[in-house]
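Novice: structure, please.
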Amino acid sequence: MGNRNARNRDALRAAMEASAKEAPLPFGWEMAMDKGQAYFIDHLHQKTTWKDPRPVNTPKKLKNKPPKYEVTPYSKIQAFLAKLHKNQDEGQLEIVVSRENLFVDGYAFFKDSEPSLLKRRLFVKFEKEDGLDYGGMSRELVLCLSQEFVKPERHLFVRSQDGYVFHITRNSDNMDHFNYFGRFLAFSVYHNKLITPRFNLVFYKHLLGKQLVFEDLKYIDGDAFNSFTKIKESNDINSWALNFEITEKNEDGAVKTVELKPGGSDLNVTNENKQEFLNLVMEYHFYNTKAQMEAIKTGFYGLISLEAIQHFDPEELELMLNGITDIDVNDLKANTEYGEGISEFTPVIKRFWETLFSFDQQQLQKFLQFTTGSSKVPVGGFTHLYGSTGPQKFQITIKKVPGLPTAHSCFNRLELPMFYEDNEKLKEDLLLAINETVGFG
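Specialist: Numbers count the residues shown, from 1 in each chain. Prediction:
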């Protein structure tokens, strides 16, 4: 009888331990491998250990130490997030929005929600769509709403001359919407969700409270920076016939002249007052949207304090919000898991990867959006792709019913039919699926 009870206890203990090993790691923890041995990274305290933080039996203590904690942009961001979430409210935040009215729905939600509420675990639902949010809908909400802010009809942001980044619109006085954007931006950072639009580094330096210097002009207007650099570096500008005014294009493309100080059009720039001229140039370019930026900062700091983010460089904050720009298919392939009965050597899987390698960056972004709920690559690459309960590699399983490839973005999973016998048909169907499928259910 005693032996039977002992065996039952051992079986129960083994079952509980197996269940614990399947449970997600606590927030801020990560598992890694070193020479075949698992070790655990504690980002909150920035250390490593062999001991599993979950209630499981850890193997006997190894004589050697686990790899040291490495400070990288990725680990720096993870440590920051772990500290933010240390005292997180355990409740759930349900967000119900319509795609057709996303900007207005989002405005009402963020305006009425207390900061503590915005820090709860997300559960997003799009009206008229089925499906449960295991992470994919939350990622899609943030991406889609971020695109709403930069639409021309909002009059909040304009594209730079090269079309790559956005600037704050100078002639907009809708401070409520700028405050809304600041709160949304902090919300995205807190929940570690990537946004679509990119902003110049001057924007991020303002948000981080960093001092701006002359060289930062190149992030706003490269041509103007080159022109003012010639003035700055010249030993004699007395004969250049410059005044305390600058000429630039309006946001609608019209050319205008701006006096940098009262009477500036009648005041010559000389060797003696050149530095004053350059200081006024910087003040104009850096602070002509000061009121809008202050509204953004007020919204942002209401959720995440300036003190909490000051240790980041502007490039790191940009990376946290935008992820990695280019999609590396080799990295995705190296971090892919396959369902039962298939491997990377299965003929249809080989055709799939050959097809994906033929995609351009825009097609790859749509593919990622389709399969993961985000068109962005996470900081650190695809090894740090997240699913519903934490780190979750990209998965490919076989679809057992006829039809187009389908995806479960909450689990980073692609279901691929087995019947494809040539790459052309597979590519045609995959492009159709990622271009035509919108929403969940």
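Novice: just give me the neighbour total for the closest residue to residue 274 other than its chain neighbours.
Specialist: Closest residue to residue 274 apart from its sequence neighbours, by C-beta to C-beta, 6 or more residues apart in numbering: residue 237 at 6.1 Å. Heads up, the C-betas are built off the backbone N, CA and C, glycines and all. Residues lying near residue 237 (other C-beta atoms under 10 Å) number 17.
Novice: so for residue 237, what's the pLDDT?
Specialist: Note on residue 237: pLDDT of 92.
Novice: let me see the domain layout of the chain.
Specialist: 2-56, 92-210+291-322, 214-288, 329-436 (automatic domain parsing).
Novice: let me have those domains in a markdown table, extended by distance to residue 70.
Specialist: Below are the domains of the chain laid out as a markdown table (distance: least, C-beta to C-beta, whole Å):
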| stretch | distance to residue 70 |
| --- | --- |
| domain 2-56 | 9 |
| domain 92-210+291-322 | 15 |
| domain 214-288 | 29 |
| domain 329-436 | 11 |
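Novice: okay, buried residues for the helix or strand harbouring residue 365 please.
Specialist: Using DSSP states H and E, residue 365 maps to helix 361-372. Neighbour counts over helix 361-372 (16 or more other C-beta atoms under 10 Å) mark 363-372 as buried.
Novice: just the element for the closest residue to residue 420 other than its chain neighbours, please.
Specialist: Of all residues not flanking residue 420 in the chain, residue 426 sits nearest, at 4.2 Å (C-beta to C-beta, 6+ apart). For residue 426, the host element (DSSP H and E) is helix 423-436.
Novice: got the angle for that helix vs helix 361-372?
Specialist: Helix 423-436 and helix 361-372 are oriented at 70 degrees to each other (axes from the mean of the first three to the mean of the last three C-alpha atoms, to 10 degrees).
Novice: counting contacts, what elements does helix 423-436 pack onto?
Specialist: Secondary-structure packing of helix 423-436 (3 or more C-beta pairs under 8 Å, 6 or more residues apart in numbering; DSSP states H and E): helix 347-357, helix 361-372.
Novice: what angle sits between the longest one and helix 347-357?
Specialist: Note on geometry: by the same axes, to 10 degrees, helix 361-372 and helix 347-357 are set 130 degrees apart in direction.
Novice: helices or strands up against helix 361-372?
Specialist: helix 136-149, helix 423-436.
Novice: will you turn those helices into CSV that also has mean pLDDT, mean neighbour count and distance to residue 196?
Specialist: Shown next, in CSV, are the helices and strands packed on helix 361-372 (pLDDT from 0 to 100; neighbours: other C-beta atoms under 10 Å; distance: least, C-beta to C-beta, whole Å):
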stretch, mean pLDDT, mean neighbour count, distance to residue 196
helix 136-149, 89, 22, 5
helix 423-436, 90, 16, 16
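Novice: figure out which of the ones you listed is closest to residue 93.
Specialist: Nearest to residue 93 among the helices and strands packed on helix 361-372 is helix 136-149 (9.7 Å), distances taken as C-beta to C-beta.
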